[in-house]
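[1] Give me a model of this one.
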Amino acid sequence: MRILGREDVRTALADLDSTVIDLVRNAYVLHSQGKSDLPFSTFLRPLHRSESRIIALPAYLGGPAPVMGLKWISSFPENVNRGMQRASSLCILNDLECGYPLALMEGSQISAVRTAAGAALASGLLNAGREVRTVGLVGCGTINNQVVHFLTQVHEGLETVLLQDAFPERAKVFAAELAAEYPDVEFKAVTLGQALTADTVSIATTDSSYWLDLADYPSRPDGQVILHLSLRDLSVSSVLGAVNVTDDADHAIREQTSLHKAEQQAGHRRFVTAEIGALLDGTAELPAARTVVFAPFGLGVLDLAVAEAVLNLAEKRGLGTEVDGFDPGSHKVTSNLAGSAA
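    You can find the predicted model right below:
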């Protein structure tokens, strides 16, 4: 089994940067075509930390390069106040023939990258050719850092990014860091109302209180695309008043997401217009709308698609460490029988 630590994964992802959006696109389409097996995620919540959780996401993705495994990811929001990352993760890949483990790798970077790549893919798709010059970021953390990276690939005309955070000083620091990395783009720390005037807005916060009512911000532009990545920020009325796109309705409309709250209030799911895989393969289309919200649950098949590419590159470049002893060994009886038959 190959073990890939944080730096191994970072090196591999840097080399794969230009291909990640395509990996995510292909995974979405394969899932939409029924070429995946995706059980519901399991949520583990510590009794003394109701806001924290660990999630297990088993998945199989078919197609020309099938992959099977598990994403195990924790979210402990209080980590941020201690200078730590909110999320940590491991990704396990299994052999498709015997089920033995092939690789164990640090997974939080894969999770962040595939989340952001999926968001950028959705922004390009849902803006339907409209030029995006301004982006708003609500929440100044790891996910939106990656979102900026991939949005600059998808929207080459991007001029200004407006940053807002519950802690304004974080937005100022984040703006300065991004300005140094992307000198051709202007970054401004702003109020929430100002951030919501952007063509596309990415929401990635640790607030799960359904606190944001879009009706309170009438100056938002027509056709605005909102990337609701943290899933529990928008009010029910905001969801019901928008055209909604998700990655998989059965997965996204549960565990008290904003979509789930809307279903509970409305008594139906008809407010979800389409899933992104169907839009990508042309089997669904969107009506014109003042606001389009993309609220992806975050499918494990995306992580596996990127993790498989990371493993393949790691094997070619000699990244990570090969270790023995992580398989159960041979079967005492049948291995002898097989040897006799030979």
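[2] Start and end of stretch 201-221, how far apart?
    11 Å (Cα to Cα, to the nearest Å).
[3] cool, stretch 176-190 as well?
    Distance between the two ends of stretch 176-190: 13 Å, counting by Cα to Cα.
[4] what mean pLDDT does it have?
    Averaged over stretch 176-190, pLDDT sits at 98.
[5] what ranges do the helices span in the stretch 201-342 of the chain?
    All helices of the stretch 201-342 of the chain, identified by DSSP state H, counting those that start in this stretch, fall at 236-240, 249-252, 258-266, 276-280, 300-317, 334-341.
[6] Show residues contacting the fourth one.
    For helix 276-280, contacts defined as Cβ atoms under 8 Å, 6 or more residues apart in numbering pick out 25, 28-33, 118, 121-122, 125-126, 245-247, 284-286, 294, 296. (C-beta placed from N, C-alpha, C; glycine too.)
[7] ok, of those residues, which come out buried?
    25, 28-32, 118, 121-122, 125-126, 245-247, 294, 296 (16 or more other Cβ atoms under 10 Å).
[8] sec struct for the closest residue to residue 187 other than its chain neighbours, please.
    The shortest distance from residue 187 to any residue other than its chain neighbours is 4.1 Å, reached at residue 175 (Cβ to Cβ, 6 or more residues apart in numbering). At residue 175 the chain is in helix, as set by DSSP: H, G, I helix; E, B strand; the rest coil.
[9] Now for residue 175: which residues touch it?
    161, 163, 187, 188, 189.
[10] from the residues you listed, which is closest to residue 50?
    Nearest to residue 50 among those, counting by Cβ to Cβ, is residue 163 at 28.9 Å.
[11] From what I see, the closest one and residue 192 are in contact.
    No. In terms of Cβ atoms under 8 Å, residue 163 does not count as a neighbour of residue 192; the distance is 10.6 Å.
[12] So for those two, which sits in the more crowded spot?
    residue 163 (26 against 15; other Cβ atoms under 10 Å).
[13] Can you tell me which helices and strands the helix or strand containing the more buried one packs against?
    Element membership for residue 163, per DSSP states H and E: strand 160-164. Other elements packing on strand 160-164 under the criterion 3 or more Cβ pairs under 8 Å, 6 or more residues apart in numbering; DSSP states H and E are strand 134-138, helix 168-181, strand 186-189, helix 192-195.
[14] deepest of those, which one?
    Of all these, strand 134-138 has the most neighbours on average by mean count of other Cβ atoms under 10 Å, namely a mean of 27.
[15] Going by secondary structure, the residue minimising distance to the centre of the chain is in what exactly?
    Nearest to the geometric centre of the chain sits residue 115, at 2.1 Å (Cα atoms, centre = their mean). Following DSSP H and E, one finds residue 115 within helix 108-126.
[16] angle of that helix against strand 134-138?
    140 degrees (axes from the mean of the first three to the mean of the last three Cα atoms, to 10 degrees).
[17] How about exporting helix 108-126 as CSV, limited to the C-alpha atoms?
    Taking Å, rounded to 0.1, in the frame of the first residue of the first chain, the C-alpha atoms of helix 108-126 are listed here in CSV:
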residue,chain,number,x,y,z
SER,A,108,-8.3,17.5,3.1
GLN,A,109,-6.4,19.1,0.2
ILE,A,110,-8.2,16.8,-2.3
SER,A,111,-11.5,17.7,-0.7
ALA,A,112,-10.8,21.5,-0.9
VAL,A,113,-9.6,21.3,-4.5
ARG,A,114,-12.5,19.2,-5.8
THR,A,115,-15.0,21.5,-4.0
ALA,A,116,-13.5,24.6,-5.5
ALA,A,117,-13.1,23.0,-8.9
GLY,A,118,-16.8,21.9,-8.9
ALA,A,119,-17.8,25.4,-7.8
ALA,A,120,-15.9,27.0,-10.7
LEU,A,121,-17.3,24.5,-13.1
ALA,A,122,-20.8,25.3,-12.0
SER,A,123,-20.1,29.0,-12.2
GLY,A,124,-19.0,28.7,-15.8
LEU,A,125,-22.0,26.5,-16.7
LEU,A,126,-24.7,28.4,-14.9
